[in-house]
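> quick one, structure for this:
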Amino acid sequence: MNMMLIIDVIIVLILVAVGYMLDDYFNLTALYITPPVAGGVIGIIVNLVNYAMTGSMWLPHQFGPQLLITIFLFSIGVKIALTYGKKHLISLFNLFWITVVIMFIIDAVAIMTTNNSVSLFAFGSSSLAWNGAWLNFIQQVFPNLTTIQFYFHASLLAAFLLAPVVVKMFVFFEVEEIQNPARPQIGDWHWGVVIVSLFLALTAIFMRTNFLAGIPYLFSFIIAMWLGIIVGLVIDHFANDKQDQMLTSIGELGLLSLYGFIVSMLLKSTNIVVTNWNLRLLYLLIIKIIIITVIHIILAKLLVKDHHDLVLMGACWAFTLSAPVACMNTMNSIVRYHGEADDVLLLVPPIVLWLINYAHYGVFIWLLH
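Prediction:
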């Protein structure tokens, strides 16, 4: 099992490397196409050919993606510790309550209707904190929504594949230049801090599995984020000489892990969509995408003045359609082209991957009863 897990992770990272090569050759960054989406599409094509020939698809073992997203959130925690100030906490609070209000309206529409199509349409937009446990919970409450897995994963695929086109429609400001600096080489990483990061990510998974499994929505990657915050504070106080190298290494490891997770989700979602094909729901999803995209284009024309606004608008569009991982991909596609926007990027994960779950569950149960 351990060897197969290593092989799975290696295959996923090879697809990420293929994406990087395609980006270098075709300058996909200028098209808002990220390396994991480019490499993931290659993986999807290979998988579809294999499915046509053998009736099966290759998927990485579920522990691989879990480890990758846990490493990524650890790196986010480190950044949060070194970046967050009073203004970030205020913005975090405001964004959280705005999200709760929107979620309340969507859930109310979903619960009050007896029409499965309308409920599914709304639930697809209430998945701001998408996770497998939430999908299973909704399906238990509404057992007639037997196709909810197809709908969610089709939404996820749509958010990944349509993001380059949609983001381009949001650009109503003058683009001065492409900000795509050369990435640090792996040989320049601080390998001590990389090993510690991997160890703490595994520790987070162990803690979740053996001690904290009973706490709702305290996923391994959330535990890793808090461990990352602690590590970030330690680095800030005791590692001044090598702080830049350490932070760069953790950031690059986190980005590589995010890319691997995106590839894994592309492959998983393709498998679920293909093996549970539903043309009627696909039509419903197309209508939903058109409505949501038109609304966001109007908002972008009114509100987007620079690439920081563009990052937030792209995040909102991806949230409304699908999952946090699609949102992180959309935001990453923008910062790769226009430059960093940590003031926005670091606000999103604590809300959509953790805090919003509790509000979502509470609002849903309150409306249901």
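> could you use CA atoms for every contact and neighbour count after this?
Fine.
> how close does Ala326 sit to Ile90?
Distance of Ala326 to Ile90, given as Cα to Cα, to the nearest Å: 25 Å.
> more neighbours, the two?
Using other Cα atoms under 10 Å, the more surrounded residue of Ala326 and Ile90 is Ala326, with 27 against 11.
> and the more buried one, what pLDDT?
pLDDT, Ala326: 84.
> tell me the SS of it?
Using DSSP: H, G, I helix; E, B strand; the rest coil, the structure places Ala326 in helix.
> show me what contacts it?
Residues in contact with Ala326 (Cα atoms under 8 Å, 6 or more residues apart in numbering) are 156, 159-160, 262, 318-319.
> 10 Å - rerun?
Ala326 sits next to 155-161, 163, 262, 265-266, 314-315, 317-319, 332 when contact means Cα atoms under 10 Å, 6 or more residues apart in numbering.
> okay, and which of those residues map to helices?
155-161, 163, 262, 265-266, 314-315, 317-319, 332 (DSSP state H).
> out of the contacts of Ala326, which end up buried?
Buried members of those, counted by 16 or more other Cα atoms under 10 Å: 155-161, 163, 262, 265-266, 314-315, 317-319, 332.
> and stretch 159-170, how far out from the chain's middle?
15 Å (Cα atoms, centre = their mean, to the nearest Å).
> and if you look at stretch 338-358?
Taking the mean of its C-alpha atoms, stretch 338-358 sits 10 Å from the chain's own mean (Cα atoms, centre = their mean).
> in it, what counts as buried?
Applying 16+ other Cα under 10 Å to stretch 338-358 flags 338-342, 344-357 as buried.
> again, but for stretch 216-225
Using 16+ other Cα under 10 Å as the test for burial, stretch 216-225 gives 217-225.
> next one: stretch 12-24
By 16+ other Cα under 10 Å, the buried positions in stretch 12-24 come out as 12-13, 15-23.
> now, which of the residues you listed sits nearest Ile286?
Distances from Ile286 to the buried residues of stretch 12-24, taken as Cα to Cα, are shortest for Gly19 (27.1 Å).
> now do the contacts for that closest one.
13, 25, 28, 33-42, 259, 263.
> redo that, cut-off 6 Å
Going by Cα atoms under 6 Å, 6 or more residues apart in numbering, Gly19 touches 35-36, 38-39.
> please convert these to CSV, extending it with secondary structure.
Shown next, in CSV, are the contacts of Gly19 (three-state DSSP):
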residue, secondary structure
Pro35, helix
Pro36, helix
Ala38, helix
Gly39, helix
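> most surrounded residue in those?
Counting neighbours by other Cα under 10 Å, the top entry in the contacts of Gly19 is Pro36, with 29 neighbours.
> is that one in contact with Val16, as I believe?
Yes: counting by Cα atoms under 6 Å, Pro36 does reach Val16; the two are 5.0 Å apart.
> sec struct for the residue of the chain positioned farthest from its centre, please.
Ranked by distance from the centre of the chain (Cα atoms, centre = their mean), the top residue is Asp241, with 33.0 Å. Reduced to three states with three-state DSSP, the structure at Asp241 is coil.
> and Thr248, by the same measure?
Classification of Thr248 using three-state DSSP returns helix.
> of all the contacts of Gly19, which comes closest to Leu198?
Among the contacts of Gly19, Pro36 lies closest to Leu198 (Cα to Cα), at 20.8 Å.
> any low-confidence regions in the stretch 201-350 of the chain?
Where the stretch 201-350 of the chain drops to pLDDT under 70, the residues are 239-240, 322-323, 342-344.
> kindly report the same for the stretch 51-200 of the chain.
Within the stretch 51-200 of the chain, the ranges that satisfy pLDDT under 70 run 98-99, 102-104, 106-139, 141-146, 175-187.
> how about the helices of the stretch 251-369 of the chain, start to end?
In the stretch 251-369 of the chain, helices defined by DSSP state H, counting those that start in this stretch lie at 279-303, 307-321, 324-338, 342-345, 348-350, 356-368, listed in chain order.
> for Asp8, find the nearest of those helices.
Closest among those, using Cα to Cα: helix 324-338, at 19.5 Å.
> neighbours around Thr203, how many?
Neighbours around Thr203, by other Cα under 10 Å: 16.
> ok, it to Phe74 distance?
For Thr203, the distance to Phe74 - Cα to Cα - is 11 Å.
> and Val16, how far from Phe219?
Distance from Val16 to Phe219, by Cα to Cα: 25 Å.
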